[in-house]
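Novice: Got a predicted structure plus its sequence, pasted below:
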Amino acid sequence: MYELNYPGGPLKGQIQLTGSKSIANRALIIRALCEQDFPIHRLAAADDTVRLENLLKSEEAVLDAGPAGTTFRFLTGYLSRRPGHQILTGSQRMKERPIGILVDALRTLGADIEYVETEGYPPLKIGFSELDKAAELTIAADTSSQYISSLLMLAPTLPNGLKLTLEGEIVSVPYIKMTLSLMRYFGVAHSWVGQTIEVEAQDYQAKEFTVEADWSAASYYYSLAALAPESADIQVDGLFTDSVQGDAVVAQLYERFGVKSEFNETGVRVIKSAGTAAPEFFEQNFVECPDIAQTLMATCAGLGTQGLFTGLQTLFIKETDRVGAMKTELGKLGVALYKIPAQMSGKSGLQYFGQDGKATFTDAPPTFATYHDHRMAMALAPLAVRSNVRIESPEVVGKSYPDFYRDLEKLGIEYRAIG
Ligand SMILES: O=C(O)C1=C[C@@H](OP(=O)(O)O)[C@@H](O)[C@H](O)C1
Ligand SMILES: C=C(OP(=O)(O)O)C(=O)O
């Protein structure tokens, strides 16, 4: 367990932000599907990326994706067309994260995939197929965009390409756009009309590539700035306005908390003046940026800003049930997170969650559990600028951001192992 402590004063410093694991994992799959090799610079240090890189090289009969969702989902597609038989497995939590929608889609194309334990869930036994039984598919888009990204990256390598029709509400749309944007960078064209994306059979073109810094990780610095009791001035290097990441929206969201972004040559200066008042109310739909929902919940809790959140439906099947986990952890600070009954939330058809209260700290620092979820640790850590906090199993951050605590230290936030 770590205890985080901030001695006080203006929050200042500079960090070189870690690379985006979402971008890195797409670049790795595209490179594996490309006839020629190419260099990928600033490949993310994230465990999920290291894992994918190693598994793509592995000849082992059993490939273990651990807790890495994109690694598992992208490999499910990729291995369906790679000669040989492998078992693709993962952590206990991965075995609870659904995969049936992607398996059904791949089976329609001709894939040889069997469930090893429970129907609809990892692990999977994956054999080889040309995937030439169909060139058109309809896929449910309301559960995870990663299934769609997995199919799209494979699409140009299929004998007849792929026409993919997305059914229902499309969740995490910016991640689908990120996939198509990287495919375009590597020479693959597509069309997207209405709910249908079409990719003709074509070759990926090898091209040197540099991974952008991670906007999801940047959210923790915006939260730190918003929560800082005095002023904040944090230079976060590696970030640019022109990003393929949907989570870049974080810069706009934090404007509502009086946190400004000044883009410069090396990245962005995240600034807040002393005496900035916290907003009374913050409402946001997170369906396009699910990974920063926990960050905003923790910010609102620390400032006593009342929250109204929608678009959280995918949070229940991520590294943990993130809504349940945040409810429990914020509850330790006297902050309530609750589902608003449908009849009270109007006729929009959206599920609303409310958050009320301001974090109260006593002399004994709160101990936050992390539920095998990197984002639980990283979202709650910024509360340390208000009062000392303890984080159980702090190493969970390795999934996307192994240097997280060392970077916090550069801003004067100390951490020490206890217990
Ligand atoms: O494609 C990606 O890189 C990701 C897509 C999102 O998942 P869902 O599409 O399952 O919401 C996101 O939460 C995840 O962290 C990364
Ligand atoms: C949901 C996440 O990752 P994945 O689905 O790839 O495990 C995440 O990084 O927040």
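Specialist: Thanks, I have it. Ligands and ions are numbered 1, 2, ... in the order given.

Novice: residues in the stretch 251-400 of the chain within reach of ligand 1, list them.
Specialist: Residues of the stretch 251-400 of the chain found near ligand 1 (CB under 6 Å from any ligand atom) are 290-291, 314. To be clear about C-beta, it is placed using only N, CA and C from the backbone, and glycine gets the same treatment.

Novice: from the residues you listed, which are also near ligand 2?
Specialist: Answer for these near ligand 2 (CB under 6 Å from any ligand atom): residue 291.

Novice: which residue is nearest the centroid of this structure?
Specialist: Closest residue to the average C-alpha location of the chain: residue 291 at 4.6 Å, with CA atoms, centre = their mean.

Novice: Name the SS class of that residue, please.
Specialist: Judged by DSSP: H, G, I helix; E, B strand; the rest coil, the three-state class of residue 291 is helix.

Novice: which ones are touching it?
Specialist: Counting by CB atoms under 8 Å, 6 or more residues apart in numbering, residue 291 makes contact with 216, 219, 247, 375.

Novice: Please state the mean pLDDT value computed over stretch 362-378.
Specialist: Computed over stretch 362-378, the mean pLDDT rounds to 97.

Novice: In the stretch 301-419 of the chain, what residue lies closest to ligand 2?
Specialist: When scored by CB to the nearest ligand atom, the stretch 301-419 of the chain has residue 318 as its residue closest to ligand 2, at 4.2 Å.

Novice: ugh, wrong one, I meant the chain
Specialist: residue 69 (2.5 Å).

Novice: Which helix or strand contains the closest residue in space to that residue that isn't next to it in sequence?
Specialist: In this structure, residue 69 finds its nearest non-sequential neighbour in residue 146, 6.0 Å apart by CB to CB, 6 or more residues apart in numbering. With secondary structure defined by DSSP states H and E, residue 146 is part of helix 145-154.

Novice: is that helix anywhere near ligand 1?
Specialist: Yes - contact of helix 145-154 with ligand 1 (CB under 6 Å from any ligand atom) involves 145-146, 149.

Novice: How far does that helix sit from its chain's centre?
Specialist: 15 Å (CA atoms, centre = their mean, to the nearest Å).

Novice: list the buried ones in the helix or strand just after that helix?
Specialist: Using DSSP H and E, the helix or strand that follows helix 145-154 in sequence is strand 162-167. Residues of strand 162-167 classed as buried: 162-164, 166 (neighbour count, 16 or more other CB atoms under 10 Å).

Novice: Mind putting those into TSV with distance to residue 9 and pLDDT?
Specialist: Output for the buried residues of strand 162-167, formatted as TSV (distance: CB to CB, whole Å; pLDDT from 0 to 100):
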residue	distance to residue 9	pLDDT
162	56	98
163	58	98
164	53	98
166	50	98
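
Novice: residues contacting residue 316?
Specialist: By CB under 8 Å, 6+ apart, the contact set of residue 316 is 322-324.

Novice: Can you flag the buried ones in those residues?
Specialist: The neighbour-count criterion (16+ other CB under 10 Å) marks 322-323 among the contacts of residue 316 as buried.

Novice: Adding distance to ligand 2, write the contacts of residue 316 out as JSON lines.
Specialist: Formatted as JSON lines, the contacts of residue 316 follow (distance: CB to the nearest ligand atom, whole Å):
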{"residue": "322", "distance to ligand 2": "8"}
{"residue": "323", "distance to ligand 2": "13"}
{"residue": "324", "distance to ligand 2": "15"}
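
Novice: tell me which of the contacts of residue 316 is nearest to residue 412?
Specialist: Nearest to residue 412 out of these is residue 322 (CB to CB; 28.7 Å).

Novice: Check the gap between that closest one and residue 246 for me.
Specialist: Residue 322 sits 17 Å away from residue 246, taking CB to CB, to the nearest Å as the criterion.

Novice: related to what we said a few turns ago, angle of the helix holding residue 146 against strand 162-167?
Specialist: With axes from the mean of the first three to the mean of the last three CA atoms, to 10 degrees as the basis, helix 145-154 and strand 162-167 are set at 160 degrees to each other.

Novice: Could you export helix 145-154 as CSV, CA atoms only?
Specialist: Taking C-alpha atoms only, helix 145-154 is exported to CSV below (Å, rounded to 0.1, in the frame of the first residue of the first chain):
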residue,chain,number,x,y,z
SER,A,145,-16.2,-0.7,-29.6
GLN,A,146,-13.1,-3.0,-29.3
TYR,A,147,-15.0,-5.8,-31.2
ILE,A,148,-15.5,-3.4,-34.1
SER,A,149,-11.9,-2.2,-34.0
SER,A,150,-10.7,-5.8,-34.0
LEU,A,151,-12.8,-6.6,-37.2
LEU,A,152,-11.9,-3.3,-38.9
MET,A,153,-8.1,-3.8,-38.6
LEU,A,154,-8.5,-7.3,-40.1
